[in-house]
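>>> Predicted model and sequence follow; I will ask about them next.
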Amino acid sequence: MISGKRLLLDVLRQEGVDYIFGNPGTTELPLMDALAVEPRIRYVLGLQEASVLGMADGFAQASGRLTVVSLHAAPGLGNAIGALHNAQKAGAPLLVTAGQQDLSYNLTEPNLWAELVPIAQPFVKWAYEPRRLADLAQVLHRAAKTALAPPTGPVFISLPADLLNDEGEVDLGAPSRVAPAIRGDAEAIARAAVLLAGAERPVIVAGDAIAQSGAQAELVALAKALGAPVYLEGIASRAAFPPSHGLYRGPLVRLAAQIRDVMANHDLLLSIGGDLFTLSLPGEVDPLPAGLRIIHLDTDPWQLGKNYPTDVAIFGDPRATLPELVAAVAHRMSAAERARADHRGEAEAQLGLTQLTKLRKRALAAERAEPIDPLALMHTVAEMLPANATVVDEAISSAGGLHRFLKSSDPLSFFGNRGGGIGWGLPAAVGVQLAAPDRRVVALIGDGSATYSIQALYTAARERIPVVFMIINNRSYRILKQRTNAMKSFAAQTDTYVGMDLTNPAIGFMDLARAFGLAAHQAKSLASVRELLASALASTSPTLIEVEVDRTFKPL
Ligand SMILES: Cc1ncc(C[n+]2csc(CCOP(=O)(O)OP(=O)(O)O)c2C)c(N)n1
């Protein structure tokens, strides 16, 4: 005989779970009761569900492990939906649960009751509400398997309270795992190699799948063999390529005209897990010039040929597939083609290094600017980061240059907001740090973004998670001002931006941080940033540094 609540925790233990991120209510009380005698699972309390989900997202992405979230009924699930959208886009393997009222009286429409599965469904790979204790173990195992099977992503299970309180003789079952390293089709690899070997001006767009599969070294080998520049996809949220490498070009801008300007220089586009293309606004032009050939390798077959016809579409894991592709290209290339690729690679690398030197010079020239120049700030922070640092980036309009200045490109060195719903970075940083305790997590967060899920600071203080939170305060939604200005209409003519200034009153970030139990400091010069960052990095407690930056913006 076993109770549903005991079975729930036993099955989660079988699935390797040792953290639950949650915020409790009446419908979760059976779970909270069972946790009272389950020392192997740590319950990480978040004070609002957007923060709970965001922390779990960071943890899941950094650990690659099944990560459990416990939310409270329909209102709790509703609060988490924006963050669930982000987790879905990032492919975070989350098992999201919400307590449901006792099935026996849902017909009466009790307090907090609404159907949960339809709320979660658009944002998950699978959503289900078990109705019998006998099904609970199988449902949980299937949920875990589904979240972790490539392409990874969140699943949702509604947990009716009566199932958790019920008792019965039920089998716990056992976990299943789908082996993730899918090797691309050999015939497709051979066709891709023919096109790549003969390409005159190939370009690579690298996506998050590179970091997710740990294929950085394989990508460098391929880029070198092809003499091709490497751009990150527009919504890059992971590190794919060494930032100081001459072939690196940083992320594509998410605007059609800018992408087209890049692509016009090339005859073949090789996308490795890259989004073709997630744009921020509809463009008047097509991002891809006519005649550009496309080879696309991805762990998610949905992405292959989604928006553009693809000459060769390979369903596979980059790390498992790229060595074969590199070997096939080497085998196909004639001596003349190889010489051409080497020559091209040298010229591209030279160009990349010149661009990087120019950008560095601009950052250095702005070092003394007051208020602080965002580019100079990114350069300073990147220079100061220790080798084992992880950057969590939600600096939005202040992040320019960051991707080029960072020194490290290992898979855990960088996390960004893939889904675009802001309020992600602050909680995600807490989850990343919890999953990677040997690293130093530095979160670069815009002041606007920080306020959506500010209560994650409390979890950092309560759990002693030593993130360095750097709030980049321009007292505005600057990116929205930029974009409104680009419409060249009333706002631009009158220099009036409705609902985009955070000045009157100014938000007291140091007061907020201290109220949640963190040490907090303010920097108004780069010298002070250096000093405060150095001491925050030396601390074993979380710290918040508010950096006042220049709030003006350049027209796009
Ligand atoms: C959940 C959500 N609400 C609103 C937005 C729209 N939005 C995008 S960026 C932005 C402002 C970000 O401000 P901040 O973090 O200070 O960065 P800045 O633009 O100043 O660089 C807003 C409100 C969004 N993306 N997601």
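Yes, it's here.

>>> Name the residues of the stretch 1-150 of the chain found near the ligand, please.
Gly82 (CB under 6 Å from any ligand atom). Backbone N, C-alpha and C define where each C-beta goes, glycine included.

>>> can you give me the helices in the stretch 1-150 of the chain?
Along the stretch 1-150 of the chain, the stretches classed as helices by DSSP state H, counting those that start in this stretch are 4-14, 29-35, 49-63, 73-90, 117-120, 133-148.

>>> Partner strands of whichever helix or strand comes after the last one, with direction?
The C-terminal neighbour of helix 133-148 among helices and strands, as given by DSSP states H and E, is strand 155-160. Strands that pair with strand 155-160, judged by DSSP bridges, come out as strand 94-100 (parallel), strand 127-128 (parallel).

>>> Quick check: mean pLDDT of the last one?
Read that as strand 127-128. Mean pLDDT, strand 127-128: 98.

>>> Give me the contacts around it.
Residues from elsewhere that reach strand 127-128 (CB atoms under 8 Å, 6 or more residues apart in numbering): 116-117, 120-121, 139, 143, 155-158.

>>> can you rerun that using 10 Å?
The contact list for strand 127-128, computed with CB atoms under 10 Å, 6 or more residues apart in numbering, reads 96, 116-121, 135, 139, 142-143, 146, 154-158.

>>> residue contacts, Ala450?
Neighbouring residues of Ala450 by CB under 10 Å, 6+ apart: 394, 422-423, 425-426, 443, 456-457, 469-473, 507, 509, 512-513, 544, 546.

>>> oh, I was asking about Pro301
By CB under 10 Å, 6+ apart, Pro301 lies in contact with 150-151, 182, 313-316.

>>> same thing but 8 Å
Counting by CB under 8 Å, 6+ apart, the residues that Pro301 touches are Phe315.

>>> backbone phi and psi for it, please?
Dihedral angles phi and psi of Pro301 (degrees, to the nearest 10) take the values phi -60, psi -20.

>>> Look up how far the ligand lies from it.
28 Å (CB to the nearest ligand atom, to the nearest Å).

>>> ditto for Leu94
18 Å.

>>> so how many other residues sit close to that residue?
Per other CB atoms under 10 Å, the neighbour tally for Leu94 reads 31.

>>> Tell me the pLDDT of it.
99.

>>> Would you confirm that it contacts Phe59?
No. Using CB atoms under 8 Å, Leu94 makes no contact with Phe59, being 9.1 Å away.

>>> Residues that sit against both of the two, list them.
Taking CB under 8 Å, 6+ apart as the criterion, Leu94 and Phe59 both touch Thr67.

>>> wait, what's in contact with the closest residue to Pro282 other than its chain neighbours?
Spatial nearest neighbour of Pro282, chain neighbours left out: Ala256 (7.8 Å); criterion: CB to CB, 6 or more residues apart in numbering. By CB under 8 Å, 6+ apart, the residues touching Ala256 are 277, 279, 282-287.

>>> Quick check: mean pLDDT of stretch 184-202?
Mean per-residue pLDDT for stretch 184-202: 98.

>>> residues making contact with it?
Contacts to stretch 184-202, defined as CB under 8 Å, 6+ apart, come from residues 226-228, 265-270, 293, 295, 297, 311-317, 320-321, 324-325, 328-329, 331-334, 337, 340, 344.

>>> now with 7 Å?
If you take CB atoms under 7 Å, 6 or more residues apart in numbering as the criterion, stretch 184-202 is touched by 226, 228, 265-268, 270, 293, 295, 297, 311-312, 314-316, 321, 324-325, 328-329, 332-333, 337.

>>> what about the lengthiest helix in the chain, distance to the chain center?
Among the segments of the chain that qualify as a helix by DSSP state H, the longest is helix 335-365. Counting by CA atoms, centre = their mean, to the nearest Å, helix 335-365 is centred 28 Å from the centre of its parent chain.

>>> Check which residues of that helix are buried.
For helix 335-365, a neighbour-count test (16 or more other CB atoms under 10 Å) marks 337, 340-341, 344-345, 348-349, 352, 356, 359-360, 363 as buried.

>>> Next: stretch 451-459.
451-459.

>>> Relative to Asp501, which of the residues you listed is nearest.
Set against Asp501, the nearest of the buried residues of stretch 451-459 by CB to CB is Thr451 (13.6 Å).

>>> Without its sequence neighbours, what residue ends up closest to the closest one?
Closest to Thr451 by CB to CB, 6+ apart is Ile507, at 6.6 Å.

>>> Just the pLDDT at that neighbour, thanks.
Taking Ile507 on its own, its pLDDT is 98.

>>> what does the one 10 residues further on give?
pLDDT, Gly517: 98.

>>> Could you pull up the contacting residues of it?
Contacts of Gly517 by CB under 7 Å, 6+ apart are 458, 461.

>>> Any stretches of this protein with poor pLDDT?
For the chain, no stretch has pLDDT under 70.

>>> interface residues of it facing the ligand?
Counting by CB under 6 Å from any ligand atom, the chain sits next to the ligand at 82, 396-398, 420-423, 446-449, 474, 476-480.

>>> change it to 5 Å
Contacts of the chain with the ligand, taken as CB under 5 Å from any ligand atom, map to 82, 396-397, 421-422, 446-449, 474, 477-479.

>>> could the residues you listed be laid out in CSV, adding distance to Ala50?
Output for the residues of the chain next to the ligand, formatted as CSV (distance: CB to CB, whole Å):
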residue, distance to Ala50
Gly82, 6
Ile396, 17
Ser397, 22
Gly421, 9
Ile422, 10
Gly446, 16
Asp447, 17
Gly448, 15
Ser449, 12
Asn474, 22
Tyr477, 18
Arg478, 22
Ile479, 20
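
>>> next one: phi and psi at Asp311?
Dihedral pair for Asp311: phi -70, psi -40, per degrees, to the nearest 10.

>>> Correct me if wrong: it contacts Leu292.
No. Between Asp311 and Leu292 there is no contact under CB atoms under 7 Å: 9.6 Å.

>>> more crowded one of the two?
Per other CB under 10 Å, whichever of Asp311 and Leu292 has more neighbours is Leu292, with 18 against 15.

>>> residue contacts, that one?
Going by CB under 7 Å, 6+ apart, Leu292 touches 263, 266-267, 269.

>>> Restricting to C-alpha, output stretch 82-98 in PDB.
Output of stretch 82-98 as PDB, limited to C-alpha atoms (Å, rounded to 0.1, in the frame of the first residue of the first chain):
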ATOM      1  CA  GLY A  82       4.900  33.800 -19.700                       C
ATOM      2  CA  ALA A  83       7.900  32.100 -18.200                       C
ATOM      3  CA  LEU A  84       6.700  28.700 -19.500                       C
ATOM      4  CA  HIS A  85       6.600  30.300 -23.000                       C
ATOM      5  CA  ASN A  86      10.300  31.100 -22.500                       C
ATOM      6  CA  ALA A  87      11.200  27.700 -21.200                       C
ATOM      7  CA  GLN A  88       9.400  26.100 -24.200                       C
ATOM      8  CA  LYS A  89      11.400  28.200 -26.700                       C
ATOM      9  CA  ALA A  90      14.600  27.200 -24.900                       C
ATOM     10  CA  GLY A  91      13.700  23.500 -24.800                       C
ATOM     11  CA  ALA A  92      14.100  23.300 -21.000                       C
ATOM     12  CA  PRO A  93      13.200  19.800 -19.800                       C
ATOM     13  CA  LEU A  94      10.600  20.800 -17.200                       C
ATOM     14  CA  LEU A  95       8.000  18.700 -15.500                       C
ATOM     15  CA  VAL A  96       5.500  21.400 -14.500                       C
ATOM     16  CA  THR A  97       2.800  20.300 -12.100                       C
ATOM     17  CA  ALA A  98      -0.100  22.200 -10.600                       C
END
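
>>> Tell me how far that stretch lies from the chain's centre.
11 Å.

>>> quick one: Lys524 from the ligand, how far?
17 Å.

>>> now swap in Ala436 and tell me
24 Å.

>>> That residue - nearest residue in space that isn't next to it in sequence?
Of all residues not flanking Ala436 in the chain, Ala62 sits nearest, at 5.1 Å (CB to CB, 6+ apart).
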